[in-house]
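Chemist: need a 3D model of the sequence below.
(one chain, ligands or ions: 1)
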Amino acid sequence: MENRRPLIAGNWKMFKTCPEAVETARQLAQLVNISTVDVMIAPQFTALVPVSDVIKRGCVSLGAQNLFWESEGAYTGEISPAMLVSAGCRYVIIGHSERRQYFGENDDSVNKKIKAAIRDNLIPILCVGESEKERESKETFNVLDRQITKGLEGFSSNELDTLVIAYEPVWAIGTGKTATKEQAQEVHRFLRSMVEKIFGNILAMSVRILYGGSVKPDNIKELMEMPDVDGALVGGASLDAETFSKIINF
Ligand code: PGA
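Modeler: Okay, here's the model as predicted:
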């Protein structure tokens with residue numbers, strides 16, 4: 001894993017009211033005391049500020065699940081990077097497959113969102129991944145090639161020095177079907193080689209590539225043993241503080 005610092009990120013999706021999110025964050029802050037792994041949780045928007053208050057003195061960082069690319073304006077229902085920063089966020093998840101599937105996001109909007117995140121010093125977590133049909137028809141690498149090339153179009157390697165990529169095969173999200181460690185490694189290696197081809201060796205060696213899709217306490221260890229797996233983006237198993245802390249302490 002070279003010198004890359006592992007990142008274990010929890011995506012709470014549209015779960016937990018404010019009090020529930022605060023309670024889980026409080027439990028997590030008590031359970032997690034680790035300086036060798038970066039930890040992030042991304043609750044829903046209205047819970048960001050209260051959760052930030054609970055975790056700010058510990059080693060868990062805050063992230064958002066989405067943003068809009070404009071700085072401000074008449075965009076009803078949207079949220080800007082500066083608003084997320086002012087709520088305490090360091091990270092933002094961009095282009096999650098559920099955003100692409102249900103909310104019309106595509107490589108072009110993902111590209112604009114990454115630009116906006118970087119402009120306000122948020123660490124972008126770019127999600128990529130193929131559907132089951134695409135895997136079956138051997139399109140996996142073409143899909144990922146397109147998502148990376150278009151999603152990261154127009155950036156210099158310097159601008160992307162904090163970038164995190166999350167490989168989340170759509171067929172593994174919330175289904176209980178995890179990619180095998182060999183499948184994950186094969187794709188992570190491919191993604192790193194793409195970053196190398198476009199941005200050069202230095203960024204390729206430093207960019208963190210997370211695996212996401214049914215990560216659990218009992219499969220995290222073997223995934224983390226793979227040379228190109230630098231962490232995990234965890235959905236369902238991040239909702240319970242004890243379960244998530246087992247993943248963090250893999
Ligand atoms: P899951 O979700 O861990 O529940 O499969 C992962 C994700 O969507 O980030």
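Chemist: what ranges does this structure have for its helices?
Modeler: Counting by DSSP state H, one finds helices in the chain at the ranges 18-31, 48-55, 81-86, 97-102, 107-119, 132-136, 140-151, 181-199, 201-206, 220-224, 241-248.
Chemist: list the buried residues of the fifth one.
Modeler: In this case it means helix 107-119. The neighbour-count check on helix 107-119 (16 or more other CB atoms under 10 Å) flags 107, 109-111, 113-118 as buried. C-betas here are computed from N, CA, C, even on glycine.
Chemist: and what of the second one?
Modeler: Within helix 48-55, the residues that count as buried by 16+ other CB under 10 Å are 48, 50-52, 54-55.
Chemist: got the residues of the protein near the ligand?
Modeler: Applying CB under 6 Å from any ligand atom, one finds that the chain approaches the ligand through 11, 168, 173-174, 212-215, 233-237.
Chemist: could you rerun that using 5 Å?
Modeler: Contact residues (CB under 5 Å from any ligand atom) of the chain with the ligand: 11, 173-174, 212-214, 233, 235-236.
Chemist: mind giving me the PyMOL select for those, buried ones only?
Modeler: The PyMOL selection below is limited to those of the residues of the chain next to the ligand classed as buried (16+ other CB under 10 Å):
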select buried, resi 11+173+212+213+214+233+235+236
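Chemist: export the residues of the chain next to the ligand to JSON lines and tack on distance to L126 and pLDDT?
Modeler: As requested, the residues of the chain next to the ligand are arranged in JSON lines below (distance: CB to CB, whole Å; pLDDT from 0 to 100):
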{"residue": "N11", "distance to L126": "14", "pLDDT": "98"}
{"residue": "I173", "distance to L126": "16", "pLDDT": "91"}
{"residue": "G174", "distance to L126": "20", "pLDDT": "87"}
{"residue": "G212", "distance to L126": "12", "pLDDT": "97"}
{"residue": "G213", "distance to L126": "15", "pLDDT": "95"}
{"residue": "S214", "distance to L126": "20", "pLDDT": "93"}
{"residue": "L233", "distance to L126": "11", "pLDDT": "98"}
{"residue": "G235", "distance to L126": "17", "pLDDT": "97"}
{"residue": "G236", "distance to L126": "21", "pLDDT": "97"}
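Chemist: show me the residues of the chain next to the ligand that map onto strands.
Modeler: With strands defined by DSSP state E, the entries of the residues of the chain next to the ligand inside them are 11, 212, 233.
Chemist: for the nearest residue to G213 once chain neighbours are set aside, give me the pLDDT.
Modeler: The shortest distance from G213 to any non-neighbouring residue, by CB to CB, 6 or more residues apart in numbering, is to A172 (2.8 Å). pLDDT recorded at A172 is 92.
Chemist: my read is that A172 contacts Q183, right?
Modeler: No - counting by CB atoms under 8 Å, A172 does not reach Q183; the two are 9.1 Å apart.
Chemist: which residues touch the closest residue to the ligand within the chain?
Modeler: Nearest residue of the chain to the ligand, counting by CB to the nearest ligand atom: G235, 2.3 Å away. G235 makes contact with 10-11, 13, 173-174, 212 under the criterion CB atoms under 8 Å, 6 or more residues apart in numbering.
Chemist: in TSV, list those along with distance to F190.
Modeler: Formatted as TSV, the contacts of G235 follow (distance: CB to CB, whole Å):
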residue	distance to F190
G10	26
N11	23
K13	27
I173	19
G174	24
G212	16
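Chemist: flag every buried residue along stretch 57-70.
Modeler: 58, 60-69.
Chemist: pLDDT weak spots in the chain?
Modeler: Applying pLDDT under 70 to the chain picks out residues 1-2.
Chemist: verify the stated contact: F250 with E222.
Modeler: No - if you go by CB under 8 Å, F250 and E222 don't touch, sitting 9.4 Å apart.
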